[in-house]
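Engineer: need a structure here:
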Amino acid sequence: MAREMYLIAVILTMLGVAGIHGQWGSICSDIVFGFQTSCRISDDIKDDMKDFLETLVRFLDRIGAPDSNNKRSTQIGLFAYDSASRKAFGFGDAVTQNDVINAIKDFEYGAEDCEMVTSKAIDMAREDFFETGKQDSRGPNVLFLLTDGQTQLKYINETKASISRLRAKNNTYVFILQLPWKSDTTGFGDMIDEIGILADEDNIFPYSEEMSALNALARTVYDRFEMLSDNMMCPETEMIPSICDQDPSLDILIILEHSSKRIPINATFVRNAMRNLVVNGFPNVGEIEHCVKFALLTYNKKVTTEMLFNDTASSTLAGTLAAIDSASMMLRRKKSRIDLALEYANNVVFTPAWGDRPFAHNLVVLVTHGVTMEGKRWVNTIRAAKALKERSGMEAVEIFLLVLPGTRPMKLEDQQETWGAISSEPMDTHFKGFYDVKELPGFINELAHKICNSTGYK
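Structural biologist: This next block holds a predicted model:
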């Protein structure tokens with residue numbers, strides 16, 4: 001019983017369930033459990049896993065299927081895997097809490113093989129669960145593997161390729177509960193630990209019968225989940241009015257860096273901050289005058305168009321938030337070409353052909369990571385920023401610049417000197433440098449007020 005409670009406490013804390021802390025709302029995510037059934041895992045531990053899954057599901061109070069309004073809730077799926085992967089039930093198979101519980105009770109964990117091919121498990125999660133059209137339309141994807149994390153050396157490259165494809169999906173998280181081997185399991189040849197390949201270190205939790213570290217581990221897991229909670233929680237249903245004194249007419253372009261110069265965890269804070277800028281600052285999204293429209297670019301070595309002002313998604317609050325949720329934030333290239341992003345903003349985004357409205361004020365919110373660019377590219381960056389800022393009349397563009405700490409930290413005064421040439425004037429209202437990314441969420445309300453003041457709506 002102690003071991004069962006340990007497992008339940010760990011996972012419920014990670015998912016933010018009210019039974020542990022009670023201050024978060026309901027979970028709205030697509031959660032898939034991958035259950036390793038190979039003979040390397042004892043039947044006693046497999047029984048514990050079934051009991052754990054049944055108990056966990058009772059805490060998830062928003063399990064359901066998509067409705068006509070695409071209201072978000074939680075979907076649960078389960079598959080077994082060893083040398084092959086076998087779906088136990090999918091998102092459309094168990095659409096209520098009782099359905100899921102009964103499906104787990106009926107789940108048979110018998111091993112078909114003692115080998116384990118993790119790549120097939122990852123591919124099943126991606127292809128059969130996270131890429132199933134309407135059945136995967138409500139938010140973050142969570143793959144939770146119950147595994148010993150060991151594979152034969154001959155399979156490791158396949159695992160790397162599969163996890164890379166999964167990580168390419170935006171807003172997808174992988175968690176691991178690492179299980180012990182059976183003590184009498186031998187004869188698998190060259191084995192290698194693949195845990196570090198599958199999930200971030202902070203998302204890996206060991207199965208243990210030792211109870212002494214429970215409180216410390218639960219707190220650690222909770223702190224980790226707190227960073228992800230805005231993405232995984234159900235959205236608020238109440239519309240929050242604009243903070244401006246009058247409904248503004250604004251065309252706001254958000255530009256986000258996703259080069260490898262960014263600290264990985266910053267992506268979560270940035271995504272949530274941009275969501276909050278929309279929902280809490282300018283929720284009156286629409287086509288007509290006195291409404292706000294958003295466009296979205298991401299960049300590293302090249303610029304990726306996530307949403308333009310004439311895209312259908314830009315005309316609704318739900319569409320705008322979906323574009324932010326699905327924006328590419330993977331760390332791909334070392335190079336950080338701000339110059340290309342600003343040139344694209346000037347030549348494409350803020351033009352009538354791509355939805356720029358003649359009656360709306362034009363703004364850029366540029367989020368970067370404080371790494372200078374030397375030589376010609378830096379000159380090009382200053383030139384591109386100047387071209388935007390020299391536009392006049394209703395074609396004028398203001399640039400608000402947010403500089404987060406990157407992999408090569410810069411002193412705040414160095415940030416101001418280096419990046420001040422990009423932001424609009426006055427610098428004290430259009431530039432903000434951060435020592436810690438955790439300061440970003442608290443600044444978003446201030447940023448919204450500064451946008452209102454600068455554009456004359458407050």
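Engineer: the stretch 201-350 of the chain: helices as residue ranges?
Structural biologist: 214-232, 266-276, 317-326, 338-344 (DSSP state H, counting those that start in this stretch).
Engineer: what distance do you get for the closest residue to Lys182 other than its chain neighbours to Ser85?
Structural biologist: What sits nearest to Lys182 in space, not counting adjacent residues and going by Cβ to Cβ, 6 or more residues apart in numbering, is Ser42, at 4.9 Å. Quick note: C-beta positions are derived from backbone N, CA and C, even for glycine. Applying Cβ to Cβ, to the nearest Å, the value for Ser42 to Ser85 is 21 Å.
Engineer: of these two, who's got more company?
Structural biologist: Ser85 (20 against 16; other Cβ atoms under 10 Å).
Engineer: pLDDT wise, what is that one at?
Structural biologist: In this model, Ser85 is scored at 93, pLDDT.
Engineer: over to the one 3 residues further on?
Structural biologist: Ala88 carries a pLDDT score of 94 in this model.
Engineer: repeat that for Thr185.
Structural biologist: pLDDT, read off for Thr185, is 54.
Engineer: what comes up buried for the helix or strand Ile444 falls within?
Structural biologist: Per DSSP states H and E: Ile444 is located in helix 440-454. For helix 440-454, a neighbour-count test (16 or more other Cβ atoms under 10 Å) marks Leu440, Ile444, Leu447, Ala448, Lys450, Ile451, Cys452, Ser454 as buried.
Engineer: for it, give the mean pLDDT please.
Structural biologist: Average pLDDT, helix 440-454: 89.
Engineer: tilt between that helix and helix 266-276?
Structural biologist: Taking axes from the mean of the first three to the mean of the last three Cα atoms, to 10 degrees, one finds helix 440-454 and helix 266-276 inclined to each other by 40 degrees.
Engineer: quick one: list the elements packing against helix 440-454.
Structural biologist: helix 266-276, strand 397-403, helix 427-430 (3 or more Cβ pairs under 8 Å, 6 or more residues apart in numbering; DSSP states H and E).
Engineer: Val303: which of those is closest?
Structural biologist: Evaluated with Cβ to Cβ, these place strand 397-403 nearest to Val303, the distance being 16.0 Å.
Engineer: then that closest one to CSV, C-alphas only?
Structural biologist: Output of strand 397-403 as CSV, limited to C-alpha atoms (Å, rounded to 0.1, in the frame of the first residue of the first chain):
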residue,chain,number,x,y,z
VAL,A,397,5.4,50.6,-36.7
GLU,A,398,6.4,50.6,-33.0
ILE,A,399,8.8,47.9,-31.8
PHE,A,400,8.5,46.6,-28.2
LEU,A,401,11.6,44.6,-27.4
LEU,A,402,11.8,41.9,-24.6
VAL,A,403,15.3,40.4,-24.0
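Engineer: state the distance from the residue nearest to Lys182 to Phe79.
Structural biologist: 20 Å.
Engineer: and what of Ile444?
Structural biologist: Distance of Ile444 to Phe79, given as Cβ to Cβ: 39 Å.
Engineer: still on that earlier bit, so what's the predicted local confidence for the residue nearest to Lys182?
Structural biologist: 89.
Engineer: now it: phi and psi?
Structural biologist: Note on Ser42: backbone dihedrals following degrees, to the nearest 10 are phi -70, psi 150.
Engineer: among the helices and strands packed on helix 440-454, show me which one is buried the most.
Structural biologist: Greatest average neighbour count among the helices and strands packed on helix 440-454 goes to strand 397-403 (a mean of 23), per mean count of other Cβ atoms under 10 Å.
Engineer: direction included, what does it pair up with?
Structural biologist: If you go by DSSP bridges, strand 397-403 pairs up with strand 361-368 (parallel), strand 431-433 (parallel).
Engineer: pull out the buried residues from the helix or strand harbouring Lys87.
Structural biologist: For Lys87, the host element (DSSP H and E) is strand 85-89. For strand 85-89, a neighbour-count test (16+ other Cβ under 10 Å) marks Ser85, Lys87, Ala88, Phe89 as buried.
Engineer: what residues does that strand touch?
Structural biologist: With Cβ atoms under 8 Å, 6 or more residues apart in numbering as the test, strand 85-89 has contacts from 34-35, 77-80, 100, 103, 107, 112, 120-121, 123-124, 128.
Engineer: strand partners (parallel or antiparallel) of that strand?
Structural biologist: Its sheet considered, strand 85-89 pairs with strand 75-81 (antiparallel) by DSSP bridges.
Engineer: can you show me the CA trace of the strand it pairs with as PDB?
Structural biologist: Taking Å, rounded to 0.1, in the frame of the first residue of the first chain, the C-alpha atoms of strand 75-81 are listed here in PDB:
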ATOM      1  CA  GLN A  75      -8.600  12.400 -23.300                       C
ATOM      2  CA  ILE A  76      -6.900   9.300 -22.100                       C
ATOM      3  CA  GLY A  77      -5.300   6.600 -24.300                       C
ATOM      4  CA  LEU A  78      -3.300   3.500 -23.400                       C
ATOM      5  CA  PHE A  79      -1.100   1.100 -25.300                       C
ATOM      6  CA  ALA A  80       1.200  -1.800 -24.500                       C
ATOM      7  CA  TYR A  81       4.600  -2.400 -25.900                       C
END
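Engineer: can you give the distance from it to the centre of its chain?
Structural biologist: Centroid separation for strand 75-81 versus its chain: 21 Å, with Cα atoms, centre = their mean, to the nearest Å.
Engineer: mean confidence score for it?
Structural biologist: On average, strand 75-81 scores 92.
Engineer: for stretch 338-358, same thing?
Structural biologist: 92.
Engineer: now do that stretch: distance to the chain's middle.
Structural biologist: 26 Å.
Engineer: hmm, who's touching it?
Structural biologist: Here stretch 338-358 makes contact (Cβ under 8 Å, 6+ apart) with 249, 251, 253, 255, 257, 293, 295, 297, 299, 302-303, 305, 308-311, 314, 362, 364, 366, 368, 373, 377, 380-381, 383-385, 387-388, 391, 394-395, 397, 422.
Engineer: distance between the ends of that stretch?
Structural biologist: Length of stretch 338-358, first residue to last, Cα to Cα, to the nearest Å: 26 Å.
Engineer: before we move on, what about stretch 76-90?
Structural biologist: Per Cα to Cα, the first residue of stretch 76-90 is 7 Å away from its last.
Engineer: next: stretch 181-201.
Structural biologist: 20 Å.
Engineer: equivalent analysis for stretch 197-206, please.
Structural biologist: Across stretch 197-206, the terminal residues are separated by 16 Å (Cα to Cα).
Engineer: in it, what's buried?
Structural biologist: For stretch 197-206, by 16+ other Cβ under 10 Å, it's Ile197, Leu198, Ala199, Asn203, Ile204, Phe205.
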